[in-house]
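Visitor: starting from these lines, generate the structure:
(one chain, ligands or ions: 1)
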Amino acid sequence: MNIEDKLKPLREQIDALDAQILVLLNRRAEVAQEVGHVKAETNAPVFRPEREVQVLRKVAENNPGPLQAGDVQTIFREVMSACRALEKRVVVAYLGPAGTFSEQAVYQQFGHSVEGMACVSIDEVFRAAEAGTADFGVVPIENSSEGVINRTLDLLLQTTLNISGEVSMPVHHSLMTKNGTMDGITRICAHSQALAQCNAWLNQHFPNIERIAVASNAEAARMARDDASVAAIAGEIAAQTYDVLIVHAHIQDDPHNRTRFAVIGHLQTNPSGKDQTSLVLSVQNKAGAVYKLLSPLSTHDVSMTRFESRPARTGAWEYFFYVDVEGHEQDENVAKALAELKQNAAFFKLLGSYPFSL
Ligand SMILES: O=C(O)C(=O)C[C@]1(C(=O)O)C=C[C@@H](O)C=C1
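Guide: This next block holds a predicted model:
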């Protein structure tokens, strides 16, 4: 038997299964449309991050294989995204231009059936979500190699928005050029953070090529497309968006480099069963004050997962503390701890409770 004869019956099986999957997908979509009608009656929110994360956790748990759990989640994320778009196409603002890791984070959270709105700055993302031009915003909050994104932390302090979700994403940088080689390259362009994250690799491989910091990695990829003497450092999505070729993939010094993004919006996310809560606090500048301030967490058995301080810029050595704790503000122990924290603190702002990133 030749190969085509062997493949034929197997492909017929795949065709029959695809036909069944198609019917089931559309049945699911019809139910989602009904959900949409129910929600429309009371103007209830269409995007429900806690429900989506529960669906994704369940498919990973129930997955019999041989498909990988992560791949099954990717497929179901897109299925939910398409179903959600039948209810309403959600608009999400992000730090542009197209091709940045922020855009990738939007798709990781919302799937591809979403309308991305590229903004010129983090401030603009907050404004779009506050004004309702976008339903949500996605902003970088922290990078595992470079630390926190100060502008995001400052804006979280002032905004009326909540953190409705988070996305934690591996950040892999690639070196890319117009024709896929380093011949004739005189400049390597990237955002300053990307240059910093690839510093040792660049020193080893291209110590003599000038490095230039530009507004974003996507901007660098666009420059590489238009100028054969420029190489860019950016993510793979930028290479696709700007039609340039990858010369070296995964050149970041830390192979575990990750960025955490916050999903900001007017939505207060319900408990999903595995959540965290973010808040900002400050205390009077006195010995032992921070220790005392945080004591309600241990009293009520609430684990702190993150503690970050930022100068309050009053000139008096005062600080804002950005604290993440495990649990949802509606959980009894978390609610009690938060109430006591609020009493002790000179400043207290709840940023939101939301599911841990998958
Ligand atoms: O369960 C809902 O509330 C739905 O709208 C359905 C659905 C889904 O496709 O499963 C779609 C959008 C929501 O964000 C959550 C889930």
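Visitor: the strands in the stretch 201-350 of the chain, which residues?
Guide: Counting by DSSP state E, counting those that start in this stretch, the stretch 201-350 of the chain has strands at residues 210-213, 230-234, 245-248, 258-265, 275-282, 304-311, 319-326, 347-355.
Visitor: what angle sits between the fifth one and strand 304-311?
Guide: Right, strand 275-282. Put simply, strand 275-282 runs at 30 degrees to strand 304-311, going by axes from the mean of the first three to the mean of the last three Cα atoms, to 10 degrees.
Visitor: name the strands paired with strand 275-282 and say parallel or antiparallel.
Guide: strand 319-326 (antiparallel), strand 347-355 (antiparallel) (DSSP bridges).
Visitor: format the ones you listed as a markdown table; extra columns: mean pLDDT, mean neighbour count and distance to the ligand.
Guide: From N, CA and C alone the C-beta is placed, and that goes for glycine too. Shown next, in a markdown table, are the strands paired with strand 275-282 (pLDDT from 0 to 100; neighbours: other Cβ atoms under 10 Å; distance: least, Cβ to the nearest ligand atom, whole Å):
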| stretch | mean pLDDT | mean neighbour count | distance to the ligand |
| --- | --- | --- | --- |
| strand 319-326 | 95 | 20 | 23 |
| strand 347-355 | 97 | 21 | 12 |
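Visitor: JSON lines for these, including distance to Lys178?
Guide: JSON lines is the format used below for the strands paired with strand 275-282 (distance: least, Cβ to Cβ, whole Å):
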{"stretch": "strand 319-326", "distance to Lys178": "42"}
{"stretch": "strand 347-355", "distance to Lys178": "41"}
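Visitor: could you point out which element follows the least confident helix or strand in the chain by mean pLDDT?
Guide: Of all regular secondary-structure elements in the chain, judged by mean pLDDT, DSSP states H and E, the least confident is strand 147-148 with a mean of 89. Using DSSP states H and E, the helix or strand that follows strand 147-148 in sequence is helix 150-158.
Visitor: now that following helix: buried residues?
Guide: Thr152, Leu153, Leu155, Leu156, Leu157 (16 or more other Cβ atoms under 10 Å).
Visitor: which strands and helices lie in contact with that helix?
Guide: helix 122-131, strand 136-143, strand 258-265, strand 304-311, strand 319-326 (3 or more Cβ pairs under 8 Å, 6 or more residues apart in numbering; DSSP states H and E).
Visitor: dump the C-alpha coordinates for the longest one into PDB.
Guide: Coordinates of each C-alpha in helix 122-131 appear next as PDB, following Å, rounded to 0.1, in the frame of the first residue of the first chain:
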ATOM      1  CA  ILE A 122       0.500  53.300  29.800                       C
ATOM      2  CA  ASP A 123      -1.400  56.500  30.800                       C
ATOM      3  CA  GLU A 124      -3.400  56.300  27.600                       C
ATOM      4  CA  VAL A 125      -4.400  52.700  28.400                       C
ATOM      5  CA  PHE A 126      -5.700  53.800  31.800                       C
ATOM      6  CA  ARG A 127      -7.600  56.700  30.300                       C
ATOM      7  CA  ALA A 128      -9.200  54.500  27.600                       C
ATOM      8  CA  ALA A 129     -10.500  52.000  30.200                       C
ATOM      9  CA  GLU A 130     -11.600  54.800  32.600                       C
ATOM     10  CA  ALA A 131     -13.500  56.700  29.900                       C
END
